[in-house]
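Participant: Sequence and predicted structure, then a few things I'm wondering about:
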Amino acid sequence: MTIFRIKNTGRATALREDVHGLFLVAILVGLLSSCVVGPKYHPPSAQAPTAVYKESTTQFNDNGPWTVAQPSDAKLRGKWWEIFNDPELNTLEEQLDINNQNIKQYFENYMEARAIVREARSQYFPTLATAPSYGRSRTSGTLSTTPVAKSGTGAVSTPQLQSTILSLPLEASWEPDLWGKVRNTVREAQYAAQVSAADLENERLTEQASLAEYFFEIRGQDMLQRIYNDTVVADQKALELTQGLYESGIDNEISVVEAQTTLQSAQAGATNVAVARAQYEHAIAVLVGKVASDFSIPVKPMTSAPPPIPVGVPSQLLERRPDVAAAERTMAEANAEIGIAYAAYYPSLSLTAEGGFQSSAISQWLSWPSRFWSVGATLSETVFDAGLRRATVQQYVATYNADLANYRQTVLTAFQQVEDGLAEVRILSKEVEQEQAAVNSAQTYLKLEEARYETGIDPYVDVLIAQTTVLADQQTLNGLQVEEMTYAVALVEALGGGWDSSQLPSPAQVTQKPAKTDTTIQPDTTIQP
């Protein structure tokens, strides 16, 4: 151990006094650092919902086939799309979570928000800096100078024309968080990171729901293609029959032309189905991060109905929606900003210290006599700002109130969307059942008319009307079945999918430095920190 002894008692006393002064300042800083100005945040209270959703209990005189899940399955969890029991949909959803570029963008926004938290926390600590320097200079020899006697010796010194200065300083500065400005800044950044995390989950849910909707639209187009193909086959047989009757002199040429027109219209409709199917397929390719030219989905007509969906109870909804969580965290962020604005009313204290070695000779540069140091404190307070601070506080208070209104509106919209989804799926399930009965009746009507036409009782125009009725009812039924499935997906989205607020990262978690594995896919194109 090396012990430095200071023989000059005057300098030692001065040094002790400086140390005592700094010690008192440190005690004062410690006492004041517990002060945090600004309002304390209290989570908003939403309007108490009813015990059950209104549309989940509304009944028809003749109930439809769709019902909500039993209370034992009161909540969707994790991979919500698996309730539709479609392996191909499951595979696509897994690819989306990895390769969707919109999700990647929101993820990187979240990573940026977490980095900002660590930036804010750095203000808790002092800043250390060093700037080693070397300088050599020469003064003019023709300057008018006056010799100065050295104190205590009587000798006369002459000005030095050349000088060399070697310096190795270490500078430290720190602004104690007396009024909680830094703490509120850190909290603001933490809440903003939580908002970003909730936005990420909301975007993920939106993309997942869009993929499922496009997927069922494709299944509906495949079913529509089958309907048109069957219609073309039936119309072709009808045309052959009409031509045979015409050639035998039983029917006239008008019937043949009508049959040809019906067949050609069905063929055109069958061709047109491919347009919408291709567009939905291309949209899914974009969602899963693939080039549309290299992506395809096998043809498979939709034959299933929506499964029972566990909707839970209204009191759970606010914990399941990431957009509601984002709106609430935005309020907390605005509240912290008010605290930052209030801190401007109070004085700020800056502590600075500098020390190191300085010499003209490199041999004595790092010797103990070459040391130098200085410490200081600065207290600053704004005396007049023409109402700037007051206006700043009012600005952030207004922002908070606006965020409160947005939160309440988000809550109201969430309940509206769930009730809409319940009503849509429930009512459509009944309408699908009724339309299926209409299709069955239309097909019976067509068979009867074909028999009457073949026996010469009715003209071909009656068969044409029956054919048109069957096709129209089948198209309507298919459209209703597609809507029923897409509305079921929209209901799941309105319920928040499989997410809940327990998955929202805590302030401590968003403050931690991300692990190396906590990055996006495709490291060959992504810049790693």
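Facilitator: Right, received. Where do you want to start?
Participant: Just list the residues touching the closest residue to residue 423 other than its chain neighbours, thanks.
Facilitator: Leaving aside its sequence neighbours, residue 423 sits nearest to residue 55 (C-beta to C-beta, 6 or more residues apart in numbering; 4.5 Å). (Glycine included, C-beta is placed from N, CA and C.) Neighbouring residues of residue 55 by C-beta atoms under 8 Å, 6 or more residues apart in numbering: 419, 422-423, 426.
Participant: Counting only helices, which of the residues you listed make the cut?
Facilitator: 419, 422-423, 426 (DSSP state H).
Participant: Just put the residues you listed in TSV and tack on distance to residue 81 and pLDDT.
Facilitator: Supplementary listing: the ones in helices among the contacts of residue 55 in TSV, determined by distance: C-beta to C-beta, whole Å; pLDDT from 0 to 100:
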residue	distance to residue 81	pLDDT
419	22	92
422	19	92
423	22	92
426	21	90
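Participant: Pick out the most distant pair among these.
Facilitator: Across the ones in helices among the contacts of residue 55, the longest distance by C-beta to C-beta is 10.6 Å; it joins 419 and 426.
Participant: Buried residues of the helix or strand harbouring the residue nearest to residue 423, list them for me.
Facilitator: Assigned by DSSP states H and E, residue 55 belongs to helix 54-57. For helix 54-57, burial by neighbour count (16 or more other C-beta atoms under 10 Å) applies to 55-56.
Participant: Stretch 81-90 now?
Facilitator: So for stretch 81-90, counting by 16+ other C-beta under 10 Å, buried means 81, 83-84, 86, 89.
Participant: Mark which of the residues you listed are part of helices, please.
Facilitator: residue 89.
Participant: What is the nearest of the buried residues of stretch 81-90 to residue 344?
Facilitator: residue 81 (50.1 Å).
Participant: for that closest one, what are its contacts?
Facilitator: With C-beta under 8 Å, 6+ apart, residue 81 has these contacts: 89-90, 93, 208, 212.
Participant: Dump these to a markdown table, plus distance to residue 479 and pLDDT.
Facilitator: Shown next, in a markdown table, are these (distance: C-beta to C-beta, whole Å; pLDDT from 0 to 100):
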| residue | distance to residue 479 | pLDDT |
| --- | --- | --- |
| 89 | 20 | 95 |
| 90 | 26 | 94 |
| 93 | 24 | 94 |
| 208 | 24 | 95 |
| 212 | 18 | 96 |
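Participant: among those residues, which two are most distant?
Facilitator: 90 and 208 (11.3 Å).
Participant: Buried residues of stretch 471-491, list them for me.
Facilitator: Of the residues in stretch 471-491, those buried (16+ other C-beta under 10 Å) are 471, 473-475, 477-478, 480-491.
Participant: I meant to write stretch 322-336 there.
Facilitator: 322-336.
Participant: Name the SS class of residue 350, please.
Facilitator: State at residue 350, reduced to three classes by DSSP: H, G, I helix; E, B strand; the rest coil: strand.
Participant: Can you list the buried residues in stretch 312-320?
Facilitator: Neighbour counts over stretch 312-320 (16+ other C-beta under 10 Å) mark 312, 314, 316-320 as buried.
Participant: Next one: the closest residue to residue 101 other than its chain neighbours relative to residue 387, how far apart?
Facilitator: In this structure, residue 101 finds its nearest non-sequential neighbour in residue 289, 6.0 Å apart by C-beta to C-beta, 6+ apart. Separation of residue 289 from residue 387 (C-beta to C-beta, to the nearest Å): 52 Å.
Participant: show me where pLDDT drops low in the stretch 151-300 of the chain?
Facilitator: Counting by pLDDT under 70, the stretch 151-300 of the chain has low-confidence residues at 151-160.
Participant: Tell me the spacing between residue 258 and residue 458.
Facilitator: 13 Å.
Participant: Check the ones in helices among the contacts of residue 55 against residue 177 and report the nearest one.
Facilitator: For these, the nearest to residue 177 is residue 419 (47.5 Å; C-beta to C-beta).
Participant: looking at it, that closest one is touching residue 52, isn't it?
Facilitator: No - the criterion here is C-beta atoms under 8 Å, and residue 419 misses it with residue 52 at 11.1 Å.
Participant: Who has more neighbours out of the two?
Facilitator: Shown here are residue 419 and residue 52; by other C-beta atoms under 10 Å, residue 419 has more neighbours (18 against 13).
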